[in-house]
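> Make a model of this:
(4 chains)
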There are 2 protein chains.
Amino acid sequence: MKLRHLTFRLLEVYVAVIRSGSLSEAARRLHLTQPTISLQLKRLSEAVGEPLIEFRQGHLFMTAAGEALFSACQDMLGRFEELQEQLQGLQEGRSGHFSIALVNTAQYILPRLLGPFSQAFPEVEVTVEIGNRAQMMERFQRQQDDIYIFSHPPSLEHALAARFLRNPLVVIAPAQHPLAQAKKLPLSALQQERFLLREPGSATRMLFDSWLQTHGMTLQRSIQMASNEAIRVGVAAGMGIAVISQHALPAGNQHLVELDLDTPPSESYWHFIVRREHRLAYSARNFLHFVDRHLEEHLDARYVCHDLHELLNSV
Amino acid sequence: MKLRHLTFRLLEVYVAVIRSGSLSEAARRLHLTQPTISLQLKRLSEAVGEPLIEFRQGHLFMTAAGEALFSACQDMLGRFEELQEQLQGLQEGRSGHFSIALVNTAQYILPRLLGPFSQAFPEVEVTVEIGNRAQMMERFQRQQDDIYIFSHPPSLEHALAARFLRNPLVVIAPAQHPLAQAKKLPLSALQQERFLLREPGSATRMLFDSWLQTHGMTLQRSIQMASNEAIRVGVAAGMGIAVISQHALPAGNQHLVELDLDTPPSESYWHFIVRREHRLAYSARNFLHFVDRHLEEHLDARYVCHDLHELLNSV
DNA sequence: CTTCTATATTGATAATCATCTATAAGTATT
DNA sequence: AATACTTATAGATGATTATCAATATAGAAG
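Numbering: from 1, shown residues only, chains lettered A, B, ... in the order given. Have a look, this model is predicted:
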């Protein structure tokens, strides 16, 4: 038995013949002529090296070899269909895997999108990479992930970016802070405060620095901390005040207050970023589509932006 | 994904590539050139409609689609090998099915051959048809079975016959019969006995009748019974005497004696018979081979004939 | 015995394929 | 940069295939 030239088509023909119990009927079903079926069958039989069917009393019967083949055909074609199903799932993004890399602060947002997505598409596996901006930039350079989330997108030469959420910054202070209840504070009022800062290079820090600069201020005292958590806890404990993303601020924290400034820190936007040349995994694409459809549903509608459409069209 | 022209060969190539992790290496293993592999892979990828592999850091990786395909390939090729194994089993007669039809008396012999055969080839299914000569002749005419066992083979025009065992006939009487101990009895001494006979048409009856005829005898009294069992029991119970195949006579029956005649009934032979045109099932052929090899082992060596060889050569 | 229907065969054609050699182009290791 | 791998592409060839229309043949039904 030489498998070499056995084609799935041939097996399909055979199965059709057996199922319909007649060559002509099979021909009709497959939209072929009867001689074609006859020939195919002959070829198949030659490949197997045994007669497969025989006619007795005008009816078609399988030989033992024919039955073995038929059973094998069903199994193999069944597995083949399963494969097709699987591939289709991949192409429609219903299954598969993608990875998404985000800077620390974004981890307060992404789960609200990823959670519902995973429920809707349980077959999709997602790897989430989290780190500071420098680390994520490195991953971006190396093209290690399908999707990135930055608030300040890197050079758009090799990437496409789409805003999806405003990223308002707020100044937080401990609840007992003397200025806690003040209104329309001038920035200068904070000159003497001790600031808890994210590391240089982080988006929040970059925004903060430029905010200071536009107001011609320099800090007297500051402490650098690598995580929003640490800063939040630090502020609550009275170590100082800080500027952080509003999203990193859980609602109803009794130990913290937002200071009301006359010129609040300028805000930025969260972006989805994909590499231009890296063909987006179907599942990743599907995720972005999902996000585009359900942004308002899962995130604060006041801050939502709808730029994803364009990105999805050009990928 | 168009399955039409997907050939098993192509899947084999793909599996070889993945297993070896390199096109060139796969080419070497399959005794092909590298460009061939490259092209095949391209074709396969086109058929699937997705890239299957990609190279990163000089190493080959599968895409998600590639992995799905690979897994499917393994399954399908595995099933294919199983089929090949099955077909080979059929061709060697190690598996499959055949039917053997025999007249009643042969059922005392066949199990001794069929038992060991079934042990040696547990995968072979055998259907045993048993009936009187008329019934078996009808089956023979209709070509319903692979092998027949007759003591008088039917017309050899459409069949081949091979003797494999002598079929000696004996005259049995109840143990208390007045002639039980007599030596060299003339046939005429039995003239007045009541004979228990098999039905006309049965081989035993035919032999018996011709035996009588050659001695110019006619029976005074007889009773017809359709089975050897019934006759044996009948004789033991004193209903009369009978001529039966020695094989139908269990050794050491206290209630029966064999009469010692000066001219014993002529004996016949058991034959295997196969139809000339009907291609013998591999398993049936294998059975005959088995029998040919193990005749002495399982049957009384004194009665064995070795004609099977010729039959097997000409089928 | 004829008629129908089903299968087998023949002959032809265009497409596809497997496979080769030769060559280009891309990487990784000196 | 050079070398020694790799993979990719091009062009050629002979084999194989799928497919058809037309026709022959066999088996069943009337």
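> in the stretch 51-200 of chain A, what residue is nearest DNA strand D?
A:Gly58 (3.1 Å; CB to the nearest atom of the strand). Any C-beta I mention is one placed from the backbone N, CA and C, and that applies to glycine too.
> Let me know how buried that residue is, in neighbour terms.
6 (other CB atoms under 10 Å in any protein chain shown).
> give me every residue that touches it.
Listed by CB atoms under 8 Å, 6 or more residues apart in numbering or on different chains, A:Gly58 has no contact partners.
> again with A:Asp292
Listed by CB under 8 Å, 6+ apart, the contact set of A:Asp292 reads A:306, A:308-309, A:312.
> Show residues contacting the strand or helix carrying A:Leu60.
Using DSSP states H and E, A:Leu60 maps to strand A:59-62. Outside strand A:59-62, the residues that touch it by CB under 8 Å, 6+ apart are A:17-18, A:21-22, A:52-55, A:70.
> other SSEs contacting the helix or strand following it?
Note on strand A:59-62: by DSSP H and E, the next helix or strand toward the C-terminus is helix A:64-91. If contacts are counted by 3 or more CB pairs under 8 Å, 6 or more residues apart in numbering or on different chains; DSSP states H and E, helix A:64-91 sits against helix A:8-20, helix A:34-48, helix A:282-298, helix B:64-91.
> Provide the backbone phi and psi angles at the spatially closest residue to A:Ala203 that is not a sequence neighbour.
Excluding its sequence neighbours, the residue lying closest to A:Ala203 (CB to CB, 6 or more residues apart in numbering or on different chains) is A:Ser151, at 4.2 Å. Dihedral pair for A:Ser151: phi -90, psi -30, per degrees, to the nearest 10.
> if I look at A:Ser151, how far off is B:Ala173?
114 Å (CB to CB, to the nearest Å).
> model confidence over stretch A:168-180, on average?
Mean per-residue pLDDT for stretch A:168-180: 89.
> and that stretch, how far apart are its ends?
19 Å (CA to CA, to the nearest Å).
> Stretch A:128-142 now?
16 Å.
> do stretch A:17-34 as well
11 Å.
> Flag every residue of the stretch 151-300 of chain A that's near chain B.
Contact residues, the stretch 151-300 of chain A versus chain B (CB under 8 Å from any CB of the partner chain): A:Ala281.
> tell me the strands in the stretch 151-300 of chain A, going along the chain?
A:159-167, A:169-174, A:194-197, A:221-224, A:241-245, A:256-258, A:268-275 (DSSP state E, counting those that start in this stretch).
> what about the spatially most central residue of chain A, distance to chain B?
By CA atoms, centre = their mean, chain A has its centre lying nearest to A:Ala284, at 3.9 Å. Using CB to the nearest CB, to the nearest Å, A:Ala284 is found at 11 Å from chain B.
> Among the contacts of A:Asp292, which one lies nearest to chain B?
A:Leu312 (19.9 Å; CB to the nearest CB).
> Compute the number of surrounding residues for that closest one.
18.
> Now do the contacts for A:Ser38.
A:Ser38 is in contact with A:Leu23, counting by CB under 8 Å, 6+ apart.
> What is the distance between the lowest-mean-pLDDT helix or strand in chain A and the centre of its chain?
Across the helices and strands of chain A, mean confidence by mean pLDDT, DSSP states H and E is lowest for strand A:53-56: a mean of 82. With CA atoms, centre = their mean, to the nearest Å as the basis, strand A:53-56 stands 56 Å off its chain's centre.
> do stretch A:201-214 as well
29 Å.
> And the residue in chain A sticking out farthest from the centre, how far from B:Arg142?
What lies farthest from the middle of chain A is A:Gln57; by CA atoms, centre = their mean that is 61.9 Å. Going from A:Gln57 to B:Arg142 by CB to CB gives 11 Å.
> So A:Leu83 sits against B:Leu69, correct?
Yes. The pair A:Leu83 / B:Leu69 is scored as a contact, 6.6 Å apart, by CB atoms under 8 Å.
> between these two, which one's more packed in?
B:Leu69 (27 against 21).
> shouldn't that one be in contact with B:Val48?
Yes. Using CB under 8 Å, B:Leu69 makes contact with B:Val48 at a distance of 6.2 Å.
> Now list whatever residues contact both of the two.
With CB under 8 Å, 6+ apart, B:Leu69 and B:Val48 have common neighbours A:Leu87.
> re the thing from before, A:Ser151 and B:Ala173 - which one has more neighbours?
Neighbours were counted for A:Ser151 and for B:Ala173 using other CB under 10 Å; A:Ser151 has more, 25 against 22.
> any idea how far that one lies from B:Ala180?
Counting by CB to CB, the gap from A:Ser151 to B:Ala180 is 117 Å.
> got it, and A:Ser227?
Relative to B:Ala180, and taking CB to CB, A:Ser227 is found at 113 Å.
> so where's chain A shaky on pLDDT?
A:1-4 (pLDDT under 70).
> Domain-wise, how is it divided?
Structurally, chain A divides into domains by automatic domain parsing as follows: A:8-91, A:96-166+A:268-314, A:169-258.
> export the ones you listed to CSV and tack on distance to B:His298?
Converted to CSV, these look like this (distance: least, CB to CB, whole Å):
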stretch, distance to B:His298
domain A:8-91, 27
domain A:96-166+A:268-314, 61
domain A:169-258, 86
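> Quick one: those domains as a markdown table, columns for distance to DNA strand C too.
Shown next, in a markdown table, are those (distance: least, CB to the nearest atom of the strand, whole Å):
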| stretch | distance to DNA strand C |
| --- | --- |
| domain A:8-91 | 3 |
| domain A:96-166+A:268-314 | 12 |
| domain A:169-258 | 29 |
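> closest one to B:Arg198 among these?
Closest approach to B:Arg198 among the domains of chain A (CB to CB): domain A:8-91, 34.0 Å.
> Endpoint to endpoint, that closest one covers what distance?
Termini of domain A:8-91 sit 22 Å apart (CA to CA).
> Likewise for stretch A:273-280?
OK, stretch A:273-280 end separation, CA to CA: 11 Å.
> tell me which parts of the stretch 1-150 of chain A are close to chain B?
Listed as neighbours of chain B in the stretch 1-150 of chain A under the rule CB under 8 Å from any CB: A:1, A:3-9, A:12, A:48-50, A:64-65, A:68-69, A:72, A:75-76, A:79-80, A:82-84, A:86-87, A:90-91, A:96-97.
> can you rerun that using 7 Å?
Taking CB under 7 Å from any CB of the partner chain, the part of the stretch 1-150 of chain A that reaches chain B is made up of A:1, A:3-9, A:48, A:50, A:64-65, A:68-69, A:72, A:75-76, A:79-80, A:83-84, A:86-87, A:90, A:96-97.
> Show me which of those are buried.
A:1, A:3, A:6-9, A:48, A:50, A:64-65, A:68-69, A:72, A:75-76, A:79-80, A:83, A:86-87, A:90, A:96-97 (16 or more other CB atoms under 10 Å in any protein chain shown).
> Show me what stretch A:116-134 is in contact with.
A:89, A:94-104, A:107, A:110, A:114, A:139, A:145, A:199, A:201-203, A:226, A:283, A:286-287, A:290, A:294, A:298 (CB atoms under 7 Å, 6 or more residues apart in numbering or on different chains).
> what's the closest of the contacts of strand A:59-62 to A:Val243?
A:Phe70 (72.9 Å).
> how much space between the closest residue to that closest one other than its chain neighbours and chain B?
Once flanking residues are discounted, A:Phe70 sits nearest to A:Ile18: 5.3 Å by CB to CB, 6+ apart. As judged by CB to the nearest CB, A:Ile18 and chain B stand 15 Å apart.
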